[in-house]
Each structure stands twice: as C-alpha cells, then as structure tokens.
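Participant: dropping a prediction and its sequence here:
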Amino acid sequence: MRRLLAYMIGIVSFAVIVVPVLITGVNLSKESGGNMTDLSSLESVMLNVYLHDKNKIVSMTLEEYVQGVVGAEMPAEFSEAALQAQAVAARTYAVKHMHKFGGSGVSDHPDADVSTDHTVNQAWVSDDTLKERWGKKYYEYKQKIKLAVLKTQGMILTYNDEPIHALFHSTSGDRTASAKEVWGNDYPYLQSVECKWDTASPRYKDNKTISVANLAESFGQDAVTVSAGNGDLIKILSLTDSGRVAQIKIGNKNFTGSEVRNTLGLRSENFTIESKGDEIIFHTIGYGHGVGLCQYGANGMAKEGWAYQDILKYYYKGVELKNIYGS
C-alpha cells in the first residue's frame with residue numbers, strides 16, 4: 001500500500017511540476033526568447049564558404065551562413081524588422097552566387113559559392129568572433145539574429161523570377177544611388193530613392209581635411225599645379241541624379257567622384273569641398289556606395305512600424321519575395 005501511495009504521489013508530482021516546466025521550456029525557446037532558439041529543424045541547403053582569413057573552404061547550411069552575415073553586416077541592437085530585411089538581402093545575395101542556383105561562385109576559388117572577404121562578397125563572421133565582439137551581450141544578440149533568420153527562412157528577393165543583386169550599404173544620406181550612376185550597369189530594381197530615416201546614423205556626416213601637398217601626392221604633382229588658395233585648385237564639375245559627385249577637377253586633371261572617394265578614403269561620393277589656406281576640407285554625407293538597402297534607413301523605418309517586406313520593396317523597386325524552399 002505504501003509503495004502504491006508513493007507511486008501515485010510520484011505521478012501527480014510529475015504532472016503538476018515537471019510537465020508544466022517542459023511546456024514552458026518549449027514556449028520560451030520559440031516565443032519569449034528565454035532560451036536560445038534551436039534552428040536545427042530549419043529546412044536549408046548547403047553551400048561552400050571560402051574563409052579568406054584561414055584560406056580554406058567549409059560547408060554550412062544557408063541559414064547558418066545568413067546568421068553570420070547579419071552578425072557581421074548589421075548592428076545587432078537594430079530593430080527586428082531591420083534585421084529581418086538584412087537577413088533576406090543576405091540570403092538573396094548568397095543564392096545569387098551559389099552554384100546550386102546557377103551562380104558563378106568565387107572566381108579565385110571555383111569550389112566555393114561565396115567568400116567571407118568583404119571586398120569580394122558580403123562579410124561573414126564566426127560565432128567565436130561574435131562572442132569576442134559582443135561579450136556579455138552575445139546570447140541576447142545571437143538570439144535576435146537567429147529569430148530574424150527563422151522568421152524569414154528561405155525568403156529571397158526576385159525580379160522576373162530571378163534572384164536580384166541585393167546590394168546594401170550603411171548610410172545613404174538624402175537619397176540612395178542607382179547602380180547605373182555608381183557602376184554604369186542599370187538594374188530596374190536598383191534605382192535612386194529618397195531616404196529620410198538614416199539621420200541618426202553616427203556616419204551620417206563627416207569632415208576630412210587634406211593638405212594641398214597630400215592632394216598633390218595622391219593625384220600626381222602634374223595634376224595639382226595651381227597654388228593653394230586659388231578657387232580653381234579643386235572644383236566639382238557635375239553631380240549624379242542622386243546628388244553625388246560625378247566629375248571633379250583637381251588642378252589640371254578631371255577625376256570621377258568614385259576615384260576621389262577611393263583615393264582619399266572618403267566615406268561616400270556625396271561630398272562638398274571647402275578651401276582653407278593650404279588645406280581642402282571634404283564634407284561628406286552618408287557612408288558606403290549608396291546602392292540598394294540603406295541599413296540605418298531600414299532601422300529608422302522599422303522603428304516607425306514598417307514590416308521587413310515593405311522595407312525591402314521600398315529600397316528594391318518592383319521586386320517580389322519568394323521562398324526557395326517552396327513554402
């Protein structure tokens with residue numbers, strides 16, 4: 001009788017205490033954010049990633065790769081819809097390059113679909129790097145990014161049923177730039193649009209002072225032949241449709257805004273100039289090439305209540321969202 005009583009008490013204890021804890025644990029992992037979200041059940045495809053810092057190729061799931069891109073490319077403290085928009089852009093970029101979907105992969109490493117070198121493809125970092133970068137915030141930030149990937153899993157941007165070139169940048173300033181004005185290639189979905197949501201970006205404005213001597217060193221002594229203080233030393237000749245510098249004259253030579261930006265390390269091609277004695281001050285607005293998704297703009301829009309789908313369709317004109325897993 002005592003054994004039967006003990007057995008019954010054990011069953012009741014399990015039902016009253018253990019079962020609710022298990023149920024609560026499920027709810028926390030999927031909804032409340034109390035535990036790390038388990039993405040092991042996500043449907044995904046494999047891709048080969050060239051780790052440029054280790055000079056080797058590794059295989060991982062597409063969704064795992066997207067997590068590493070979002071962690072590398074966007075501040076984790078951004079709003080949920082902004083992180084989701086970045087996840088879709090990152091996934092689209094990867095699919096566009098993957099051999100499995102007809103992409104060309106990495107030219108210098110034919111077996112790789114993408115490279116972690118940000119000068120070649122989009123940036124990507126490992127969990128170990130994120131732990132060092134985020135410190136005590138790692139679990140909180142990693143959870144946010146995992147949820148952004150989970151809630152957008154498989155979603156990519158298409159135009160005419162093909163993955164787009166999902167370009168993005170930090171801060172656009174007053175307007176984004178079209179692909180045509182930056183690189184000469186015109187894509188209907190990469191057009192210039194107004195951007196009024198990124199003024200909170202710490203990179204929205206910047207000033208850089210260059211001496212005339214350094215200007216001559218950078219562009220050639222034969223170019224800078226006019227004495228300092230002369231208004232003809234440097235002059236903006238034309239602007240692009242989005243207001244960025246198209247052509248600029250330095251001394252007796254003409255350069256593109258892109259050439260000046262890259263040579264002097266300016267934050268963008270959206271700049272004005274000011275001459276002060278033997279120095280030239282470059283006043284820049286924005287950060288990056290300015291094409292496609294503006295990350296700080298996306299965060300500003302998310303704070304106003306925009307959904308990730310609407311953010312993406314604002315910056316990429318005429319696109320459709322498609323799930324590569326078919327659901």
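Facilitator: All right, it came through fine.

Participant: for the stretch 1-150 of the chain, what spans make up the strands?
Facilitator: With strands called from DSSP state E, counting those that start in this stretch, the stretch 1-150 of the chain shows them at 46-51, 56-61, 114-115.

Participant: could you please name the strands the last one pairs with and the direction of each pair?
Facilitator: Which is strand 114-115. Strand pairing for strand 114-115, determined by DSSP bridges: strand 46-51 (parallel).

Participant: show me which positions of the partner strand end up buried.
Facilitator: Within strand 46-51, the residues that qualify as buried are 47-50, counting by 16 or more other Cβ atoms under 10 Å. C-beta: built from backbone N, CA, C; applies to glycine.

Participant: do the same with stretch 207-214
Facilitator: For stretch 207-214, by 16+ other Cβ under 10 Å, it's 210, 212.

Participant: got the CA positions of stretch 131-143 in CSV?
Facilitator: Provided in CSV are the C-alpha atoms of stretch 131-143 (Å, rounded to 0.1, in the frame of the first residue of the first chain):
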residue,chain,number,x,y,z
LYS,A,131,31.4,36.1,-28.8
GLU,A,132,34.5,38.3,-28.6
ARG,A,133,32.8,41.2,-30.2
TRP,A,134,29.6,41.2,-28.2
GLY,A,135,30.9,39.9,-24.9
LYS,A,136,28.0,39.6,-22.3
LYS,A,137,25.5,40.6,-25.0
TYR,A,138,26.3,37.5,-27.1
TYR,A,139,23.3,35.4,-26.1
GLU,A,140,20.9,38.3,-26.4
TYR,A,141,22.2,39.4,-29.8
LYS,A,142,22.6,35.9,-31.2
GLN,A,143,19.0,35.2,-30.2
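
Participant: tell me the buried residues in that stretch?
Facilitator: 134, 141-143.

Participant: swap in stretch 190-209?
Facilitator: For stretch 190-209, by 16+ other Cβ under 10 Å, it's 190-193, 195, 197-198, 201, 203-204, 206.

Participant: likewise stretch 271-280?
Facilitator: 271, 273, 275, 280.

Participant: flag the least confident of these.
Facilitator: Ranked by pLDDT, those bottom out at residue 275, which scores 91.

Participant: sorry, back to before: for the buried residues of stretch 271-280, which one is nearest residue 322?
Facilitator: residue 271 (37.9 Å; Cβ to Cβ).

Participant: tell me the spacing between that closest one and residue 52.
Facilitator: Per Cβ to Cβ, to the nearest Å, residue 271 is found 31 Å from residue 52.

Participant: mind checking how far the most centrally placed residue in the chain is from residue 174?
Facilitator: The centroid of the chain falls nearest to residue 73 when counting by Cα atoms, centre = their mean (4.4 Å). Residue 73 sits 23 Å away from residue 174, going by Cβ to Cβ.

Participant: any idea which helix or strand comes after the helix or strand containing residue 300?
Facilitator: Element membership of residue 300 [criterion: DSSP states H and E] is helix 295-303. Using DSSP H and E, the helix or strand that follows helix 295-303 towards the C-terminus is helix 308-315.

Participant: quick one: the buried residues of stretch 131-143 as CSV, columns for distance to residue 60 and pLDDT too.
Facilitator: Below are the buried residues of stretch 131-143 laid out as CSV (distance: Cβ to Cβ, whole Å; pLDDT from 0 to 100):
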residue, distance to residue 60, pLDDT
134, 20, 97
141, 20, 98
142, 16, 97
143, 19, 97
